[in-house]
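Asker: following is a predicted model, sequence given first.
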Amino acid sequence: MTWCIYLTHPEVRIDPEIPVPEWGLSDIGRARARLACDFPFAEHIRDIVSSGEVKAKETARVFAEGCPVRIHIRQDLHENDRSATGFLPPAEFEETADRFFAEPHASIRGWERAIDAQTRIVSGVREALSDLGHDAPVLFTGHGAVGTLLMCHLMNVPISRSHDQKRGGCWYRFERDWLTSQAGRDLNWTEL
């Protein structure tokens, strides 16, 4: 089997006093993360590759509670770097995120450029799969923006927020060879 799953972390505990990469899952997020074990792909997963951010690692651990898997952490699979602004109120965040996707070659308010985040996530997924050295299905636990950038690459379409998930805790399945062939078509997020 040569397919993979990209799963985004569900709801988090928002705390403006804590750096965003250190936010953990909320009780609702933890409950939703458990639902991933009920999807048909779960029984095939033996390896999880997680972003190093707390919420992604917690998502991986919750999945691992119900399934016999190994967890691998990769720091290069983090969400787009938004440390220049830190926490933004929801409306301001959404406006900035809209610009992030609409202007992929520009650094919006000091954020990592979307084109650079896309290159990083695609390279990180390729390297992670190469490091594992097997063709069994792999679950990636990560984040919405870079998951969308990966999806755009897999489908060979321009970066666009139109491919973004509607809420956290969503997944899609992709074939490994799409990382090179970009032959993915009509990928969509499925909610937990």
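Answerer: Cool, the structure landed.
Asker: could you give the number of residues near the nearest residue to residue 170 once chain neighbours are set aside?
Answerer: Nearest non-adjacent residue to residue 170, counting by CB to CB, 6 or more residues apart in numbering: residue 189, 3.9 Å away. Every C-beta, even on glycine, is put in place using the N, C-alpha and C of the backbone. Neighbour count for residue 189, taken as other CB atoms under 10 Å: 19.
Asker: ok, which stretches of the protein are strands?
Answerer: In the chain, the strands defined using DSSP state E lie at 3-8, 47-51, 70-74, 138-142, 170-175, 190-191.
Asker: which strands or helices does the third one pack on?
Answerer: Spelled out, that is strand 70-74. Under the contact definition 3 or more CB pairs under 8 Å, 6 or more residues apart in numbering; DSSP states H and E, strand 70-74 sits against strand 47-51, helix 54-66, helix 114-132.
Asker: again, only using 10 Å
Answerer: In terms of contacts (3 or more CB pairs under 10 Å, 6 or more residues apart in numbering; DSSP states H and E), strand 70-74 is packed against strand 47-51, helix 54-66, helix 114-132, strand 138-142.
Asker: what's that strand in contact with?
Answerer: The contact list for strand 70-74 (CB atoms under 10 Å, 6 or more residues apart in numbering) reads 45-53, 56-57, 60-61, 63-64, 124-125, 127-128, 131-132, 138-142.
Asker: pLDDT weak spots in the protein?
Answerer: The model of the chain has pLDDT under 70 over residues 1.
Asker: could you rerun that using 90?
Answerer: 1-2, 66-68, 133 (pLDDT under 90).
Asker: on that earlier part again, how about the strands of the chain in a markdown table, adding mean neighbour count?
Answerer: Compiled in a markdown table, the strands of the chain are given as follows (neighbours: other CB atoms under 10 Å):
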| stretch | mean neighbour count |
| --- | --- |
| strand 3-8 | 24 |
| strand 47-51 | 24 |
| strand 70-74 | 15 |
| strand 138-142 | 28 |
| strand 170-175 | 19 |
| strand 190-191 | 13 |
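Asker: good, wrapping up.
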